[in-house]
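**Q** predicted model and sequence below, questions to follow.
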Amino acid sequence: MYKNLKIGLALGSGASRGLAHIGVIEVLESYGIIPDVVSGSSIGAVIGALYCSGFDFKYASHLCKGLNKKTYIDVTVPRIGFVKGDKINAILKLLTRDKDFKDLSKKLLVVATDIKNKKLVVFDEGKVYEAVRASISIPGVFVPVFKDDMILVDGGVLERVPAKILKDYDVDYIIGVDVGFNLKTSSCKSIFHVLYESIDLMEKELFEAKKQEANKLIRVDIEDVDPIGFEHVDETIEKGRVAALRVIEEIIEELEFKAANKQELI
């Protein structure tokens, strides 16, 4: 529909709340809005990698409901993280079909944070699952990924919704998706909740202080969903659909305006 425009989609972090990204993608595609470049941070990197790998999201609900913590959590002696990450690494490798970035159907950018060199790292080559494993490494929860001269943790530490990096790829229009923060009182049921929600709160302050680079930021109202676990899969995906539908007409108008103006310049 917008063949003369290059569209970017930035999927943000937010643990299991990031399943809402699936609902957003489904709505965008149903209106003919197909991103050319996808960037992802943490759970956004997971969903982005599955999307660009050709994973059929109609199976996502059954897949998540079939997971239990023993499937993807391998607890280790907590020297630098409680979760070793080998199990989830194997799951990511399977779901992305062990693809390299160059084999994907769309351009994918995966964001991680290098705490050794204190900078953002963007992966767009090599094994997809390895980059995603780095991007989801919540500090204190997952053992970091040691790669080359880097120590890699969750991309959301520095770039919760990685829209800005898309500007380096000649994108005409950027759609960002933020799956929100837990603004309700926490029960802190586990050490994982304590660590995650502490990081979540810090990310919130950083996110609100930074200029957001997306042309349209879709905010999903999802603060009532526990970010640790997959008890509300269908509800979370539906919240993504609702959020996207709320702004879809605005997105279409802006895309049509940009497409018309670009055509005039050709």
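**A** Done, it's in.

**Q** can you pull out the helices in this structure?
**A** 20-30, 43-53, 60-65, 69-72, 86-95, 128-135, 191-209, 233-265 (DSSP state H).

**Q** pLDDT (mean, whole number) over the last one?
**A** The average pLDDT for helix 233-265 rounds to 89.

**Q** swap in the third one?
**A** The predicted model assigns helix 60-65 a mean pLDDT of 69.

**Q** swap in the shortest one?
**A** Helix 69-72 shows a mean pLDDT of 54 in the predicted model.

**Q** residue numbering should commence at 812 henceforth.
**A** Taking 812 as the first residue, the last one we looked at is helix 880-883.

**Q** excluding its backbone neighbours, what's nearest residue 1051?
**A** residue 834 (2.7 Å; CB to CB, 6 or more residues apart in numbering). All C-beta spots, glycine's among them, are computed from the backbone N, C-alpha and C.

**Q** need the helices of the chain in JSON lines with mean neighbour count and distance to residue 815, can you?
**A** As requested, the helices of the chain are exported to JSON lines (neighbours: other CB atoms under 10 Å; distance: least, CB to CB, whole Å):
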{"stretch": "helix 831-841", "mean neighbour count": "22", "distance to residue 815": "18"}
{"stretch": "helix 854-864", "mean neighbour count": "27", "distance to residue 815": "22"}
{"stretch": "helix 871-876", "mean neighbour count": "15", "distance to residue 815": "32"}
{"stretch": "helix 880-883", "mean neighbour count": "13", "distance to residue 815": "42"}
{"stretch": "helix 897-906", "mean neighbour count": "17", "distance to residue 815": "33"}
{"stretch": "helix 939-946", "mean neighbour count": "27", "distance to residue 815": "29"}
{"stretch": "helix 1002-1020", "mean neighbour count": "16", "distance to residue 815": "32"}
{"stretch": "helix 1044-1076", "mean neighbour count": "16", "distance to residue 815": "5"}
